[in-house]
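Undergrad: missing the sequence, but the structure's below:
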């Protein structure tokens, strides 16, 4: 029995190393796979809706078509409603950017001078030279970068088209793809494969749907609150806060700092900066007390240190995108390991196969 248990531990480690190798291949091909990952996120949100109406007797293809067109309509309406205000904020930012940069530069030079006086071992002007060098960027460099920006825009449009087509076909034929995958699995592995797929789908789906819903609500509340106090970048900062809220613990803090800094450099308006912090702090309290428990709940039972470690690893590998996907990837790996451990080690569901192989 000990020999069989050792054999199953080796098998479990081998399977997990294979999964990690596949993740490494996905990391190498991240630029190609990114549109498909974004499509998978959208499918995780819309799939329960499609399943609900299909369960009511409607044809899935018709439901998916209506959902797909509704998604495009919602995005279009949202962009049309916010485009004018958002472009106004960007125009205001563009006009005042030189003033903001001078203000930031002056504050940094002042802080650097204070540090250099206190740190006698540093050469005079040590930090000042670095700051001056960083601010010697030629504004014309933006013009010279225009061809690259055009290429990036074309790439974004192509990626968006790929995302939309992938969302449509995954929603429509996702169940058929799942059945085809399961049919390709040998009978002896059928049950554990099905369990892994269900557990991963539940864990990752609950987390993604909860987090995205939470981010939309918090982004909307932040935008409304900042607009009520007359903040000039309400939509821009509200969008940043909503997006950064997808990164647990660190994200909301980053959004607050971004809002405070934008208010502070806009005419050195400390009172406005404090009001921005107050509004975003109230929104954070609402999130912690009401929104997050209701829409996210206990879908992911991870210790905060584990979450922070996942985010740090994700940021090191993929930057901001890595920070966003680190927790769901860890949830998938955790669910997979738990199912495999329960099947192989706790209950020994492959005991016959293991004994057969061990006796050879």
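TA: Done, it's in. Just so it is clear, the model here is predicted, and its values are computed rather than measured.

Undergrad: mean confidence score for the helix ranked longest in the chain?
TA: Longest helix in the chain by number of residues, with DSSP state H as the criterion: helix 60-118. The average pLDDT for helix 60-118 rounds to 75.

Undergrad: name the helices or strands packed onto that helix?
TA: helix 30-55, helix 126-134, helix 146-183, helix 234-244, helix 250-265 (3 or more C-beta pairs under 8 Å, 6 or more residues apart in numbering; DSSP states H and E). For the C-beta atoms, the positions are set from N, CA and C on the backbone; glycine is no exception.

Undergrad: of all those, which lies closest to residue 332?
TA: Proximity to residue 332 (C-beta to C-beta) singles out helix 30-55 among those, at 11.3 Å.

Undergrad: off-centre distance for stretch 78-91?
TA: Offset of stretch 78-91 from its chain centre (C-alpha atoms, centre = their mean, to the nearest Å): 23 Å.

Undergrad: actually stretch 198-213, sorry about that
TA: Distance, stretch centre to chain centre, for stretch 198-213: 13 Å (C-alpha atoms, centre = their mean).

Undergrad: got it, and stretch 323-340?
TA: Stretch 323-340 sits 14 Å away from the centroid of its parent chain (C-alpha atoms, centre = their mean).

Undergrad: buried residues in it?
TA: Using 16 or more other C-beta atoms under 10 Å as the test for burial, stretch 323-340 gives 323-336, 339-340.

Undergrad: next: stretch 50-61.
TA: By neighbour count on 16+ other C-beta under 10 Å, the buried set for stretch 50-61 is 50, 53-54, 60.

Undergrad: turn those residues into CSV, including distance to residue 38.
TA: CSV is the format used below for the buried residues of stretch 50-61 (distance: C-beta to C-beta, whole Å):
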residue, distance to residue 38
50, 18
53, 24
54, 24
60, 22
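
Undergrad: let me know the closest of the residues you listed to residue 98.
TA: residue 50 (50.0 Å).

Undergrad: so the closest one sits against residue 66, correct?
TA: No - at 9.4 Å, residue 50 does not count as touching residue 66 under the criterion of C-beta atoms under 8 Å.

Undergrad: which residues do those two both contact?
TA: With contacts taken as C-beta atoms under 8 Å, 6 or more residues apart in numbering, residue 50 and residue 66 have no neighbour in common.

Undergrad: from residue 308, how far out is residue 315?
TA: According to C-beta to C-beta, to the nearest Å, residue 315 stands 11 Å off from residue 308.

Undergrad: from the middle of its chain, how far away would the longest helix of the chain be?
TA: 17 Å.

Undergrad: stretch 37-54 too?
TA: Remark: stretch 37-54 is offset 17 Å from the chain centroid, using C-alpha atoms, centre = their mean.

Undergrad: out of the helices and strands packed on helix 60-118, which one sits most buried?
TA: With neighbours taken as mean count of other C-beta atoms under 10 Å, the helices and strands packed on helix 60-118 reach their highest mean count in helix 234-244, at a mean of 23.

Undergrad: ok, back up a step: keep only those of the buried residues of stretch 323-340 that are in strands.
TA: Within these, no residue falls in strands by DSSP state E.

Undergrad: pLDDT value on the nearest residue to residue 86 once chain neighbours are set aside, please?
TA: Among residues not flanking residue 86 along the chain, residue 235 sits closest, at 5.1 Å (C-beta to C-beta, 6 or more residues apart in numbering). Residue 235 is assigned a predicted lDDT (pLDDT) of 84.

Undergrad: now do the contacts for residue 235.
TA: Taking C-beta under 8 Å, 6+ apart, we find residue 235 in contact with 82, 85-86, 89, 223, 227.
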